[in-house]
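# from the sequence below, what's the structure:
(one chain, ligands or ions: 1)
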Amino acid sequence: MTTPVVSIAYHSGYGHTAVLAEAVREGAAEAGAQVHLIKVDEITDEQWAALDGSDAIVFGSPTYMGTASAAFHAFAEASSKRWFGQDWKDKLAAGFTNSGSKSGDKLHTLQFFQVLAAQHGMNWVSLGLHPGWNNSAGSENDLNRLGVFLGAAAQTNVDEGPDGVHKADLETARHLGRRVAETARLFALGRAAA
Ligand SMILES: Cc1cc2nc3c(=O)[nH]c(=O)nc-3n(C[C@H](O)[C@H](O)[C@H](O)COP(=O)(O)O)c2cc1C
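Down below sits the predicted model:
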């Protein structure tokens, strides 16, 4: 069976986004992927090589001041070395973010990830879930409770630590990891058959 390689390139200032990154990792591993979990603020040459060898890269960052964190932006700028040769062209990309407010302008962070992926010539994998918690039978425990299509979005109360990351958001992140791994497998099989 084809084993897709999925990397999760993320930053977390205070540990909340790290919990989501772990959920994405679990989902991708459940779907049979080999997974690299990479902290972009400590990235090594070996980890850059792991990104180069991946079928899919999932970008993750907290939303700070309405966009990805400065540490994630530094990583994005450093990835310009890969951009010159379009080294990541045709890989899959996806994203997740977390914020203190229910919206918190998270959409902008996910759109930044999507533009980053497009600059690299990557193919974006959306969340692939209907919005939850949008009718009288729904609840905050629904998958995709924040109703975002572009990627996995989470909200954590600003007075709570990483243990306070909402279980529905963790499930949503796990779903994204599974979906990315499954899509990467389909792409690898298609490439082999072409
Ligand atoms: C510098 C800074 C800027 C922030 N900006 C936003 C923001 O624009 N919108 C929002 O909802 N929360 C904002 N927050 C809250 C964080 O997104 C939230 O605390 C998140 O859980 C932090 O994740 P982390 O522990 O992975 O860093 C900000 C926090 C910091 C420290």
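# and the helices in the chain?
Taking DSSP state H to define them, one finds helices in the chain at 16-30, 45-52, 70-78, 80-84, 106-119, 167-193.
# wait, which of these is closest to S61?
Nearest of the helices of the chain to S61, taken as C-beta to C-beta: helix 70-78 at 3.9 Å. Yep, even glycine has a C-beta here, placed from its N, CA and C like the rest.
# report the angle between the closest one and helix 45-52.
70 degrees (axes from the mean of the first three to the mean of the last three C-alpha atoms, to 10 degrees).
# not counting its neighbours along the chain, what's nearest the residue of the chain found nearest the ligand?
The ligand sits closest to G104 of the chain, with a gap of 2.2 Å, by C-beta to the nearest ligand atom. Excluding the flanking residues, the one nearest G104 by C-beta to C-beta, 6 or more residues apart in numbering is T63, at 5.3 Å.
# show me what contacts that neighbour?
Listed by C-beta atoms under 8 Å, 6 or more residues apart in numbering, the contact partners of T63 are T97, N98, S99, G104, D105, K106, H108, T109.
# likewise A93?
Neighbouring residues of A93 by C-beta under 8 Å, 6+ apart: 56-59, 113-114, 116-117, 120, 122-125.
# need these in a markdown table (columns: neighbour count, pLDDT and distance to the ligand).
Shown next, in a markdown table, are the contacts of A93 (neighbours: other C-beta atoms under 10 Å; pLDDT from 0 to 100; distance: C-beta to the nearest ligand atom, whole Å):
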| residue | neighbour count | pLDDT | distance to the ligand |
| --- | --- | --- | --- |
| A56 | 27 | 98 | 22 |
| I57 | 28 | 99 | 18 |
| V58 | 32 | 99 | 15 |
| F59 | 29 | 99 | 13 |
| F113 | 26 | 99 | 15 |
| Q114 | 19 | 98 | 18 |
| L116 | 22 | 99 | 18 |
| A117 | 21 | 99 | 21 |
| H120 | 20 | 98 | 24 |
| M122 | 21 | 98 | 23 |
| N123 | 15 | 98 | 26 |
| W124 | 16 | 98 | 22 |
| V125 | 22 | 99 | 22 |
